[in-house]
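*Asks:* Structure for the following, please:
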Amino acid sequence: MGELVTELAARWEARCESERHDRRQGSRRREAGAGPKYELGFTDRLLATLVHLRTGLTYEALGVIYQVGKSTIGRAVAEVRPLLAARGFAVPQRAGLRLRTLEDVFAYAEAEGVTLRIDGMETQVRRPRAHRPGRRAFVSGKRKQNTVKTTTISDGQGRTLWSGAVRPGRMHDQTRVRTKRIAEQFRMHPDVRAEVDDGYRGLANEFPGQVSAPPRKPKNRDADTAPLTEPGSPPHRPACRDLDAAAETATTAMDVAALVESGRCTTLPSDLAA
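*Replies:* So this is what the prediction gives:
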């Protein structure tokens, strides 16, 4: 915790000073330290943000704990959350190495020989404001609710390496892959291997040597006796349970963060990264 405070405190102070410079439209007119003091110091702001993101504790409850108003907690979370999100995702057993972009994830997987697990997560959000263009795009055809979809990449142990490609709930998983240029990463890193679910079958069809998907369900056959693959077809991985377990472990951890802010789709990307 001390290392995290040391790492982020200077960035937070620089950001606050930049905002003050913009408000006064010039250099400081008084000595440093003059003026009203913060009700919460940076350490308390960081703790309140971490508790809110990890447990979903409301602003009101945190305000009671710290004896401040909920608006103060809200401002603290809004200031610290981008700093946490910018740190990226920690790499297992590699202290100091963090993955901040999709390019970092694929470079790490290629260098370390890690098989990636790609899965999607659908999170319910508040209904977008009335008369907003594209409002219907958030209505999921699967859940019949206003949702956003997120692509999560994890390793074989279910540890999250990257989460992004946040798009409205009606968009198909494969379309999110195209818009985020995940397919381009497979072309640039031909040695990377990945396992996906049925929603990303198009990715497996395009890169059969790199991406594997669960076998298709047999049609008009007895499910107990039908083979998983057609005779003469390339072998698929025998079951998708390992992928499901790893992906569910990663997405369940992300779902905790996705519930904060009462499902606001505007802050969800930074909530997931933080």
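*Asks:* Tell me how many other residues crowd R167.
*Replies:* Neighbourhood size, R167 [other CB atoms under 10 Å]: 20. No exception for glycine: its C-beta is placed from N, CA and C like everyone else's.
*Asks:* Pull up the pairing partners for the host helix or strand of it, direction included.
*Replies:* Taking DSSP states H and E as the definition, R167 sits inside strand 160-168. Strand 160-168 sits in its sheet next to strand 147-154 (antiparallel), going by DSSP bridges.
*Asks:* pLDDT of the partner strand, averaged?
*Replies:* Strand 147-154 shows a mean pLDDT of 85 in the predicted model.
*Asks:* Looking at R15 now. What's its pLDDT?
*Replies:* The per-residue confidence score, pLDDT, reads 82 for R15.
*Asks:* give the contact list for the closest residue in space to it that isn't next to it in sequence.
*Replies:* Counting by CB to CB, 6 or more residues apart in numbering, R15 lies nearest to E79, which is 7.2 Å off, once chain neighbours are set aside. Contact analysis of E79 by CB atoms under 8 Å, 6 or more residues apart in numbering lists 12, 15-16, 45.
*Asks:* between these, which has the most around it?
*Replies:* Among those, R45 has the most neighbours (other CB under 10 Å), with 24 neighbours.
*Asks:* Confirm that that one sits in a helix.
*Replies:* Yes: using DSSP: H, G, I helix; E, B strand; the rest coil, the assignment for R45 is a helix.
*Asks:* so it makes contact with V80?
*Replies:* Yes: taking CB atoms under 8 Å as the definition, R45 is a contact partner of V80 at 5.4 Å.
*Asks:* Residues in contact with both of the two, list them for me.
*Replies:* The contact lists of R45 and V80 share W12, where a contact means CB under 8 Å, 6+ apart.
*Asks:* any idea which element the residue nearest to R15 lies in?
*Replies:* Per DSSP H and E: helix 70-85 holds E79.
*Asks:* Show me what counts as buried in that helix.
*Replies:* By neighbour count on 16 or more other CB atoms under 10 Å, the buried set for helix 70-85 is 72-77, 79-81, 83-85.
*Asks:* Repeat that for stretch 115-130.
*Replies:* Of the residues in stretch 115-130, those with enough neighbours to count as buried (16+ other CB under 10 Å) are 116-125, 128.
*Asks:* repeat for stretch 58-68
*Replies:* Of the residues in stretch 58-68, 59, 62-63, 66, 68 count as buried by neighbour count, 16+ other CB under 10 Å.
*Asks:* quick one: contacts of it?
*Replies:* Residues lying outside stretch 58-68 but in contact with it, judged by CB under 8 Å, 6+ apart, are 39-40, 44, 48, 51-52, 69-74, 77.
*Asks:* Dump that stretch to CSV, restricted to CA.
*Replies:* These are the backbone C-alpha positions of stretch 58-68, laid out as CSV (Å, rounded to 0.1, in the frame of the first residue of the first chain):
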residue,chain,number,x,y,z
THR,A,58,-21.8,3.4,-1.6
TYR,A,59,-20.6,7.0,-1.4
GLU,A,60,-23.0,7.5,1.5
ALA,A,61,-21.6,4.7,3.5
LEU,A,62,-18.0,5.8,2.9
GLY,A,63,-19.0,9.4,3.8
VAL,A,64,-20.2,8.1,7.2
ILE,A,65,-16.9,6.3,7.8
TYR,A,66,-14.8,9.3,6.9
GLN,A,67,-17.3,11.9,8.3
VAL,A,68,-17.6,13.8,5.1
